[in-house]
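Participant: Provide a 3D model corresponding to the input given below.
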Amino acid sequence: MGQNSSSFSSHEAVRILAPGYYCSTLLFLFYLSGISRYFPFFALDGLTLLLVFIAVGMVAGLTLYAKESTKRRKAFQENQPSLYLKNKSRTMSGLRALDDSEPRQLYFYLLNNHMPLVFHEKIFFFGTIYHIMIQIRRTSFWFAVLSLVVLGVEISSGLILSDLQSLTAFTVAVWLIYGLNVRYNKADRKMQENYQDQIYWLEMNDDLVEGILRKRYSAKA
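Facilitator: Numbers count the residues shown, from 1 in each chain. Prediction:
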């Protein structure tokens, strides 16, 4: 249990820090390449600048983590093991109708008490990778759009691309990161594969699943 708790804590920390500091890095580079001449805020010494970078990364990471928008995506919602358990219960006679929270509670009970520990590690690992990759994709997209808008404004004001080399390079780089993340999207596929592995285990342990369902959710006479 202690090892699982430590693993969970480390994965959750990475889920906060990696997207947060990616956002902080893009914000810093965008500032230097695009708007520093309008807002000369970073005339700071190295230590102060480092503290600002750390603070912005933490705030960004916690904000993205708190939103939990990645959990509303189709790849996260579809084919969950808890949905398999809910559908399984509907095929069994003598069971009362389960409410929305009960299949998820049953899933976590089975996960924590019966499934092999390797499933815990896979859930933590692939869940973390999924969260980070989706947040990187979304953060890249919004910075890419923002930098493109600023680039258009600068050009419309009379500047030419040779005057905007840093901003142009940043815009191209961020769009490239976004495009590669979309083109080689393993996050959604790995999440679904992880679900399928767990569902397969539930199918192979059908007697156990049915026994727990009948014990816990049998209709009262």
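Participant: how close does L51 sit to Y65?
Facilitator: 21 Å (CB to CB, to the nearest Å). C-beta: built from backbone N, CA, C; applies to glycine.
Participant: give the residue from those two that has the larger number of neighbours.
Facilitator: When L51 and Y65 are compared for neighbours, Y65 comes out ahead with 17 against 11, by other CB atoms under 10 Å.
Participant: so what's that one closest to, chain neighbours aside?
Facilitator: The shortest distance from Y65 to any non-neighbouring residue, by CB to CB, 6 or more residues apart in numbering, is to I16 (4.8 Å).
Participant: so where does that neighbour fall, helix or strand?
Facilitator: helix 2-30 (DSSP states H and E).
Participant: distance from that helix to the middle of the chain?
Facilitator: Taking the mean of its C-alpha atoms, helix 2-30 sits 10 Å from the chain's own mean (CA atoms, centre = their mean, to the nearest Å).
Participant: relative orientation of the following helix or strand past it and helix 2-30 in degrees?
Facilitator: Under the assignment DSSP H and E, the closest C-terminal helix or strand after helix 2-30 is helix 46-67. If you take axes from the mean of the first three to the mean of the last three CA atoms, to 10 degrees, helix 46-67 sits at 120 degrees to helix 2-30.
Participant: tell me which residues of helix 46-67 come out buried.
Facilitator: Applying a neighbour-count criterion of 16 or more other CB atoms under 10 Å, one finds 53, 56-57, 60-61, 64-65 buried in helix 46-67.
Participant: packing partners for that helix?
Facilitator: helix 2-30 (3 or more CB pairs under 8 Å, 6 or more residues apart in numbering; DSSP states H and E).
Participant: how about residues contacting the worst-scoring helix or strand of the chain on mean pLDDT?
Facilitator: Using mean pLDDT, DSSP states H and E, the weakest-scoring helix or strand in the chain turns out to be helix 74-77, at a mean of 73. Helix 74-77 has contacts (CB atoms under 8 Å, 6 or more residues apart in numbering) with 70-71, 130, 187-188, 191-192.
Participant: buried subset of these, written for PyMOL?
Facilitator: To isolate the buried members of the contacts of helix 74-77 in PyMOL, using 16+ other CB under 10 Å:
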select buried, resi 70+130+187+188+191+192
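Participant: out of the contacts of helix 74-77, which is nearest to N87?
Facilitator: Lowest distance from N87 to those (CB to CB) belongs to Q192, with 16.7 Å.
Participant: in a markdown table: the contacts of helix 74-77, plus distance to L167 and pLDDT.
Facilitator: Formatted as a markdown table, the contacts of helix 74-77 follow (distance: CB to CB, whole Å; pLDDT from 0 to 100):
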| residue | distance to L167 | pLDDT |
| --- | --- | --- |
| T70 | 29 | 73 |
| K71 | 34 | 71 |
| Y130 | 32 | 85 |
| A187 | 29 | 78 |
| D188 | 32 | 81 |
| M191 | 35 | 83 |
| Q192 | 38 | 84 |
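Participant: tell me which of the contacts of helix 74-77 fall in helices.
Facilitator: 130, 187-188, 191-192 (DSSP state H).
Participant: tell me which of the residues you listed is nearest to Y38?
Facilitator: Y38 lies nearest to A187 out of these, by CB to CB, at 35.9 Å.
Participant: the residue nearest the centre of the chain and A60: what is the separation?
Facilitator: Residue closest to the average C-alpha location in the chain (CA atoms, centre = their mean): H131, at 1.5 Å. Going from H131 to A60 by CB to CB gives 14 Å.
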